[in-house]
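Undergrad: Mind looking at a prediction? Sequence and model below.
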Amino acid sequence: MLSEKMEKALNDQMTAEFHSGYLYLSMAAYLEELDYPGFANWMKVQAKEEQDHGMKIYNYIIARGAKVTLEAIEAPQTEWDDIEAIFAHVLEHEQLVTSLINNLVDLAIEESDHATNQFLQWYVAEQVEEEENAMENLGKIKRGKNSADILFMLDAEFANRIYTSEI
Ligand SMILES: [Fe+2]
Ligand SMILES: [Fe+2]
């Protein structure tokens, strides 16, 4: 049994995950426009993973006999100054999501909702990975941003990312 407050908080987080997917898809579209199909591929895989993160919460809410409520998804940003700004935004966004997850864990602890706390630990670990990847990617882009050749190579590297379902 979820408290009303927890039900709302989980629905909000589900929406936040879908919004993350939408943001990364918007970044993918912009990268296609800039003619970086590899970076766009990376973002499209990222978008699918975020969709999975949302669905994982959807499934959990159902499993607890609570109500899934789909909320409006805010329109994402559609343009960035340059490629570095895109990857800096990814890191910033993941840091924001980490803080949202931390708030949820705080609520679960406050309510002694051990099941939800345990469920959320997957997200705690996932955010460590997300931030690590975002920092690594931003580092690569920063080092390569002034060289068309290095960006071309990085684009080819990012083209190799393959989606595997997280649910
Ligand atoms: Fe996520
Ligand atoms: Fe993420």
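TA: Great, that's in hand. Ligands and ions are numbered 1, 2, ... in the order given.
Undergrad: so who does the closest residue to ligand 1 within the chain touch?
TA: Residue nearest to ligand 1 within the chain: residue 53 (3.6 Å; C-beta to the ion). Every residue, glycine included, has its C-beta placed from N, CA and C. For residue 53, the contact set (C-beta atoms under 8 Å, 6 or more residues apart in numbering) comprises 17, 20, 123, 126, 166.
Undergrad: restrict those residues to those near ligand 1?
TA: The overlap between the contacts of residue 53 and the neighbours of ligand 1 (C-beta under 5 Å from the ion) comes to residue 17.
Undergrad: So how do I select the buried members of the contacts of residue 53 in PyMOL?
TA: Buried subset of the contacts of residue 53, written as a PyMOL selection, criterion 16 or more other C-beta atoms under 10 Å:
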select buried, resi 17+20+123+126
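Undergrad: quick one: which two of the contacts of residue 53 are the most distant?
TA: For these, the farthest-apart pair by C-beta to C-beta is 20 and 166; their separation is 12.9 Å.
Undergrad: Spell out which parts of this structure neighbour ligand 1.
TA: Counting by C-beta under 5 Å from the ion, the chain comes close to ligand 1 at 17, 50, 53.
Undergrad: what do you get if the cut-off is 6 Å, keeping everything else the same?
TA: Within the chain, the positions lying close to ligand 1 (C-beta under 6 Å from the ion) are 17, 20, 50, 53, 97.
Undergrad: Need those residues in CSV (columns: pLDDT and secondary structure).
TA: Listed next are the residues of the chain next to ligand 1 as CSV, based on pLDDT from 0 to 100; DSSP: H, G, I helix; E, B strand; the rest coil:
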residue, pLDDT, secondary structure
17, 98, helix
20, 98, helix
50, 98, helix
53, 98, helix
97, 98, helix
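Undergrad: hang on, the earlier thing: ok, of the contacts of residue 53, which one's closest to residue 74?
TA: Nearest to residue 74 among the contacts of residue 53: residue 20, at 10.8 Å, using C-beta to C-beta.
Undergrad: pLDDT below threshold where in the protein?
TA: By pLDDT under 70, the chain has no low-scoring segment.
Undergrad: What's the end-to-end length of stretch 157-167?
TA: From its first residue to its last, stretch 157-167 covers 26 Å (C-alpha to C-alpha, to the nearest Å).
Undergrad: All set, thanks.
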